[in-house]
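[1] 3D, please:
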Amino acid sequence: MEVHHHAHTSRKKWTHYFWEFLMLFLAVFCGFLAENQREHMIEHKREKQFVNSYIKDLQLDIAWLDTVANSARTRIQNIDSALLVLTEETNNEIPLRTYQHLRHSTIQIMFFANDGTITQLKNSGGMRLIRKRGVVDSIAAYDRLMRRLEVRRDITNQTTHDFTDVLNKTIAGKDLLNALYDSIFLIQKSSSQQIKLNSEYVNELINQSISSRLRAVSDMQVNLSIKKSAELLIDFIRKEYKLK
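    Next up, the predicted model:
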């Protein structure tokens, strides 16, 4: 009878298991580091994209503020021209040209910030991507400035509404209609024609004209300050991120 002998493998030393564990641990750890580094690179890329997009929004704000300032200057000029006539009229009537100055002074271009980037940053939690604390604080300060501006817009709109209301009460509609159009509403006539005024509202019209002028000057000064803030913010962000 044959006897079969079983081969016995030598037992592995504990150091062998230790090195196997260490190699496995290092592989997992290095993979974690690589993934973490990749995420950081993606976040830094997104940060730069948000920053560049926000700068473009600020540049659009600056351009729009120039347009708003030109509109305010035109309003002030129209009001000044009308007040010169209103304060000297004695027959309760004004030239059609003066009415046109008054009507044009009710036209205003309002400033609304280009807030696409900041809205996206706030709604998506993207503000956490902005690593530089000073930049975050500056962006937040400018955003608060925009929120306060909403209150000013409401007041300006109300002032313009009150001015338009008293203007409509003061001007004689039939005279205005005859001065502007012929019988079939087509031909605009000479601006030298006179428009009768409702004497009951002339003084109120003058007061509202003055209020509108003061408001236009105040808005222009505030908008100039906002423009300066936007320019400084762009310079600060570019310096912090070393952008051209």
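
[2] what ranges does the protein have for its strands?
    93-95, 194-196 (DSSP state E).

[3] nearest to residue 131, of the ones you listed?
    strand 93-95 (62.0 Å; CB to CB). In short, each C-beta sits where N, CA and C put it, glycine included.

[4] so which elements touch the closest one?
    Secondary-structure packing of strand 93-95 (3 or more CB pairs under 8 Å, 6 or more residues apart in numbering; DSSP states H and E): helix 14-86, strand 194-196.

[5] quick one: buried residues of that strand?
    In terms of neighbour count (16 or more other CB atoms under 10 Å), strand 93-95 has its buried residues at 94-95.

[6] same question, stretch 195-214
    In stretch 195-214, counting by 16+ other CB under 10 Å, buried: 195-197, 201-202, 204-206, 208-209, 212-213.

[7] try stretch 56-75
    Across stretch 56-75, burial judged by 16+ other CB under 10 Å covers 57-58, 61, 64-65, 68-69, 71-72, 74-75.

[8] those into TSV, with extra columns for pLDDT and distance to residue 124?
    TSV is the format used below for the buried residues of stretch 56-75 (pLDDT from 0 to 100; distance: CB to CB, whole Å):
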residue	pLDDT	distance to residue 124
57	95	16
58	96	20
61	96	21
64	95	25
65	95	27
68	94	30
69	94	33
71	93	34
72	94	36
74	95	40
75	95	39
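
[9] out of those, which is nearest to residue 166?
    residue 75 (16.3 Å).

[10] contacting residues for the closest one?
    104-105, 107-108, 212-213, 216 (CB atoms under 8 Å, 6 or more residues apart in numbering).

[11] format those residues as JSON lines; extra columns: distance to residue 171.
    JSON lines is the format used below for the contacts of residue 75 (distance: CB to CB, whole Å):
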{"residue": "104", "distance to residue 171": "14"}
{"residue": "105", "distance to residue 171": "13"}
{"residue": "107", "distance to residue 171": "16"}
{"residue": "108", "distance to residue 171": "19"}
{"residue": "212", "distance to residue 171": "16"}
{"residue": "213", "distance to residue 171": "19"}
{"residue": "216", "distance to residue 171": "21"}
